[in-house]
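Q: quick one, what's the 3D model for this:
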Amino acid sequence: MSCTVRLGLVLMLAVTMLPRALPASTLTILSPDLPSQSEPGGKGRDSEIVATVLEHCGYYAKFRVVPFGRHIRSFTDYDSADAVTTVPADRDVAGYPSKPYIWYQNGASVLQSSRVKPYTLAGLADLRVVAFANAREILGLEDIIGTLDEYQELSNQRLHSSMLYFGRVDVVLSDGLIFSEINKRMARDPQFRARVDMTEPLLFTPMFDPEPFRLVFRDRKVRDAFNQCFSDLEGRGLIRAINVRHVDRHRDVVGHGYLGY
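A: The predicted structure follows:
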């Protein structure tokens, strides 16, 4: 065998022994449809954090977005997804829960021109209030509902905006970023804008404690990898940077009251 041939074989063997970058494994992730937080195409603060952390671990996140509440039921009832996002930290879901990776901030939104400025739960007394579905239990409103002039829960949060701007309620209880995003989109809707002046500024008060949420994985090894990668990115300040960038888009409404960002 000539020296040239032997050298070629040695080089070929060396190349085959080099570590190769493996293609990222795709994970199907169930997420709730929450404006500005998790939406189709992996858009939103929640989805961006999840995708960024998983990418750091060598995974590609493929999101499947369904209505809020159904995302957990679908994960529990069917095995077509590898993980589910936005699970309340105290919710028991079969699988392997991650450490809290995101916090949501519920509060009270009013028109700045309103005569009422509720800064505490007690300040809601005698007011007309609308909130998201199951807010009574989630926000712990049972003890104050009897003091309200009117209380409603509606899952369609676009209706919250309509009711506030048309003067049918005094206060909206919801997540500050979600409510702000819905209002911004409705203000761009020519049909709605023709019916009501949405230039009236909003005032958001973070009336409730921030609520932590987890992912739940089917595979413990993937969960462990997510936790490690999240801690790494959090230590570098990248998780905070994602949060701040998304809050900045709604600074005119939430000020610096959303999670302190």
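Q: from Leu233, how far off is Phe192?
A: Phe192 sits 39 Å away from Leu233, going by CB to CB, to the nearest Å. In this view, the C-beta of every residue, glycine as well, is placed from N, C-alpha and C.
Q: which one's more surrounded, those two?
A: Counted by other CB atoms under 10 Å, Phe192 and Leu233 do not tie: Leu233 has more neighbours, with 20 against 16.
Q: so Phe204 touches Gly107, yeah?
A: Yes - counting by CB atoms under 8 Å, Gly107 is a contact partner of Phe204 at 5.4 Å.
Q: quick one: common contacting residues for these two?
A: Common neighbours of Phe204 and Gly107, using CB atoms under 8 Å, 6 or more residues apart in numbering, are Gly176, Gly257.
Q: which residues touch Ala94?
A: The contact partners of Ala94, by CB under 8 Å, 6+ apart, come to Thr76, Val216.
Q: report the secondary structure state of it.
A: Recorded secondary structure, Ala94: coil (DSSP: H, G, I helix; E, B strand; the rest coil).
Q: can you give me the helices for the stretch 51-200 of the chain?
A: 70-77, 135-138, 157-165, 176-187, 190-193 (DSSP state H, counting those that start in this stretch).
Q: as a markdown table, the ones you listed with mean pLDDT would be great.
A: Putting these into a markdown table (pLDDT from 0 to 100) gives the following:
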| stretch | mean pLDDT |
| --- | --- |
| helix 70-77 | 95 |
| helix 135-138 | 92 |
| helix 157-165 | 93 |
| helix 176-187 | 94 |
| helix 190-193 | 84 |
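Q: deepest of these, which one?
A: Of all the helices of the stretch 51-200 of the chain, helix 176-187 carries the top mean neighbour count, a mean of 21, counting by mean count of other CB atoms under 10 Å.
Q: distance to Pro32 added to the helices of the stretch 51-200 of the chain, as CSV?
A: Shown next, in CSV, are the helices of the stretch 51-200 of the chain (distance: least, CB to CB, whole Å):
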stretch, distance to Pro32
helix 70-77, 5
helix 135-138, 13
helix 157-165, 12
helix 176-187, 11
helix 190-193, 24
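Q: and of those, who's closest to Gly237?
A: Comparison of these against Gly237 by CB to CB identifies helix 176-187 as nearest, at 20.2 Å.
Q: show residues contacting that closest one.
A: For helix 176-187, contacts defined as CB under 8 Å, 6+ apart pick out 34-37, 45, 105-107, 109, 157-158, 160-162, 172, 192-193, 198-199, 202, 204, 206, 246-247, 250, 253-254, 257-258.
Q: could you check the angle it makes with helix 157-165?
A: Interaxial angle, helix 176-187 versus helix 157-165 (axes from the mean of the first three to the mean of the last three CA atoms, to 10 degrees): 80 degrees.
Q: what about helix 176-187, distance to the chain center?
A: On the basis of CA atoms, centre = their mean, to the nearest Å, helix 176-187 sits 14 Å off its chain's mean C-alpha point.
Q: ok so, going back, mind checking which of the helices of the stretch 51-200 of the chain is nearest Phe213?
A: Proximity of those to Phe213 was assessed by CB to CB; the nearest stretch is helix 70-77, lying at 11.0 Å.
Q: elements contacting that closest one?
A: strand 25-32, strand 83-88 (3 or more CB pairs under 8 Å, 6 or more residues apart in numbering; DSSP states H and E).
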